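# build the 3D model from these lines:
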Amino acid sequence: MKYPKIPLAQTVVQLCKLKNVKHIVISPGSRNAPLTIGFTNDIFFKCYSIVDERCAAFFALGIAQQIQEPVVVICTSGSALLNYYPAVSEAFYSDIPLIVLSADRPKHLVGIGDGQTINQKNVYENHILYSANLKLDLKDENHLSENESFPVFESLESKLDHFVGLQKDIQSYNEEELNKVFNLSRFKKGPVHVNIPFDEPLYEVIEELLVHPKANAIDIELPKINQVELNDCIDEWHRSTKKMILVGVLPPNQIEQQWLDKLANDDSVIVFTETMSNLHQPMFFSSIDKLIAPLDEDSFKALQPDILITFGGLVVSKKIKVFLRHYKPKHHWHIDEKKANDTFFCLDKHIVAQPNDFFEALLPKIKDVAKGNYSNNWFTVKQYRDKKHLEYVKQIPFSDFKVFSMLLKSLPNETILQLGNSSTVRYTQLFNMNATLEVYCNRGTSGIDGSTSTAIGCAVVNTKQTTFITGDLSFFYDSNALWNNYIPKNFRIIIINNNGGGIFRILPGDKNTDNFDYFFETTHNLTAKQLCEMFQFEYSTVHNEEDLQMTLKSFYSKSKQPRLLEIFTPRTENDAILLDYFKFVK
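A predicted model of the protein is given here:
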């Protein structure tokens, strides 16, 4: 087997293998050639070549999101690793294990005007679990270390001994740092960065390994629930008649059904779930905005909880955040192994545990609960809202709202739904979801960049069909995501094209002015047709309800190419239809 001649490159590749990191996303370049040679010549690794670095990093993130294991993304020196930054920040806030390996020039070539060099060390310092800056190998006994000057030696033997000792120290340091970043990414669930200096020549290969690094085990202490804290929670639970549980972004199958059912059967508990919570129980309250948007002050006071329990990732609904910040609960407990955001400015307990473990410890000990009708009263309101929702959908014209209603009903069972950000995810929040779907969206930073690339990465490693629903601006922003040789034939993209950033028409501000159209809504007349021709997607388009209904009947069926459906909706009518919805369901 061929190996890169550079010991440092061998060390990185071998430790990836020892740590069982299999998926390697490579952004083509020259300075990272030793790593590319090492990974692509070993059949243990599944290697991908993605030219656009921003797309490559989000593609890797999509893989890691699905397998919940570290995925490597590799780039050359210079600005390449800066293009990884949006995905790195998303991984940081979404707790996704991502390993960035950036090749670098040797230290003496940085900051002197040499080509393709920037200050790469610690470049992600505000959005990273750990940054490792590895040391350059010594090439021979005449090669000066970047960190010290050689003394005057009495003999060639002593000079060689000193050289060997220095190289051993460098090798030991590099192995220790690499072990640390691999372990952190896997067990702390987040991004890490390894900056790796390589000196030329870069392309030399050999047939035998020069180094044999060791993988260090990591001692992980699983968090134990504090019994004193748990007893306090039990006492407070018994005293409280209004308990609200709010679940943010959560992968599927995180909470045992028995605990979900127990919560649903407690009349003092309301469970609010968002679309990306992937939790389903008939008594739970999904579509949060549908329930609370029409409420008046008296109703808000009636809904105000004594205890708020949160877990999962970031919350999409702005309305629930505004409500809980104004009508604060007496207690806010957040359950998470890593962190607790004080989203509502009233956090008083960070319960360091997995949510399922907490409920397993808490709920069997709950006996007599204070009586009340908290859940039942609001469930009656929910039923009324659902009824009005159906009435509204029947009477509205073809629009974004109508399209989402049709699309979400059409999705095949047991498939994956990836959502674009901005208006796409917010519209989806208004509808009851098919419980067999797995739903994902990049909500760590909530940016429109990289949504398509993430969805493709997801589709590549999952046997289930993946459908990606997105808006036009988000799709065109990440159109290089289609420059990808790994897209499965059953992958589906649906674009709701309202010729601009439709969400801005919903926000406060002047509408229908040249300034608004150009600088906020960003109106355009682009279509995805030419992109589909270039990247070999089957392309179809619809402009009305009847055509959409017919197209969806066969859209998800088997095909020889991935498919893209572009749905055109009326730009200037969507905002009024959405805003009128909240008045209607009241």
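# show me this structure divided up by domain.
Domain assignment of the chain by automatic domain parsing yields the ranges 3-206, 227-379, 396-584.
# turn those into a markdown table, including mean neighbour count and distance to Ile218.
(Each C-beta comes from the backbone N, C-alpha and C, glycine too.) Listed next are the domains of the chain as a markdown table, based on neighbours: other CB atoms under 10 Å; distance: least, CB to CB, whole Å:
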| stretch | mean neighbour count | distance to Ile218 |
| --- | --- | --- |
| domain 3-206 | 20 | 4 |
| domain 227-379 | 18 | 15 |
| domain 396-584 | 19 | 25 |
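# dump the ones you listed to TSV, plus distance to Pro213 and mean pLDDT.
TSV is the format used below for the domains of the chain (distance: least, CB to CB, whole Å; pLDDT from 0 to 100):
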stretch	distance to Pro213	mean pLDDT
domain 3-206	5	89
domain 227-379	28	94
domain 396-584	27	91
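# which one of those lies closest to His389?
domain 227-379 (6.3 Å; CB to CB).
# straight-line length of that closest one, end to end?
33 Å (CA to CA, to the nearest Å).
# strands of the stretch 51-200 of the chain, residue ranges please.
Along the stretch 51-200 of the chain, counting by DSSP state E, counting those that start in this stretch, strands occupy 71-75, 98-104, 130-133, 191-197.
# and those as JSON lines, adding distance to Leu81?
Listed next are the strands of the stretch 51-200 of the chain as JSON lines, based on distance: least, CB to CB, whole Å:
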{"stretch": "strand 71-75", "distance to Leu81": "5"}
{"stretch": "strand 98-104", "distance to Leu81": "4"}
{"stretch": "strand 130-133", "distance to Leu81": "11"}
{"stretch": "strand 191-197", "distance to Leu81": "8"}
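# so for Glu204, which of the ones you listed sits nearest?
Judging the strands of the stretch 51-200 of the chain by CB to CB, what sits closest to Glu204 is strand 98-104, at 15.2 Å.
# what's the offset of the closest one from the middle of its chain?
Taking the mean of its C-alpha atoms, strand 98-104 sits 19 Å from the chain's own mean (CA atoms, centre = their mean, to the nearest Å).
# same check, this time on stretch 274-294
On CA atoms, centre = their mean, the centre of stretch 274-294 falls 21 Å from that of its chain.
# ok, now stretch 40-60?
The answer for stretch 40-60 is 18 Å, by CA atoms, centre = their mean.
# kindly report the same for stretch 204-215.
35 Å.
# for it, how far is the first residue from the last?
End to end - CA to CA - stretch 204-215 spans 26 Å.
# which parts of that stretch are buried?
211, 213, 215 (16 or more other CB atoms under 10 Å).
# and the last one, what does it touch?
By that I understand Ala215. Ala215 is in contact with 15, 18-19, 179, 182, counting by CB atoms under 8 Å, 6 or more residues apart in numbering.
# please apply the same query to Glu438.
So Glu438 contacts 252, 278, 415-417, 464 (CB under 8 Å, 6+ apart).
# try it again with 10 Å
66, 251-253, 276, 278, 414-418, 458, 462, 464, 466 (CB atoms under 10 Å, 6 or more residues apart in numbering).
# so who does Gln65 touch?
58, 71, 90-91, 94, 96-98, 251, 418, 440, 442, 454-455, 457-458, 461-462.
# and the longest helix seen in the chain, how far out from the chain middle?
Ranked by residue count and defined by DSSP state H, the top helix of the chain is helix 156-188. Its chain's average C-alpha position is 33 Å from that of helix 156-188, according to CA atoms, centre = their mean.
# let's number from 58 now, not from 1
That works, and once the first residue is 58, the last one we named lands at helix 213-245.
# just give the nearest non-adjacent residue to the residue most central in space within the chain, would you?
Computing the C-alpha centroid of the chain and ranking residues by CA atoms, centre = their mean puts Asn499 first, at 4.2 Å. Spatial nearest neighbour of Asn499, excluding adjacent residues (CB to CB, 6 or more residues apart in numbering): Glu147 at 5.3 Å.
# quick one: residues contacting that neighbour.
114-115, 118, 122, 153, 155, 184, 248, 499-504, 506-508, 511.
# let's see it at 6 Å
499, 501-502 (CB atoms under 6 Å, 6 or more residues apart in numbering).
# okay, the residues you listed in TSV with secondary structure next?
Putting those into TSV (DSSP: H, G, I helix; E, B strand; the rest coil) gives the following:
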residue	secondary structure
Asn499	coil
Gly501	coil
Thr502	coil
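# format the residues you listed as JSON lines; extra columns: distance to Ser531.
Shown next, in JSON lines, are the contacts of Glu147 (distance: CB to CB, whole Å):
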{"residue": "Asn499", "distance to Ser531": "10"}
{"residue": "Gly501", "distance to Ser531": "16"}
{"residue": "Thr502", "distance to Ser531": "14"}
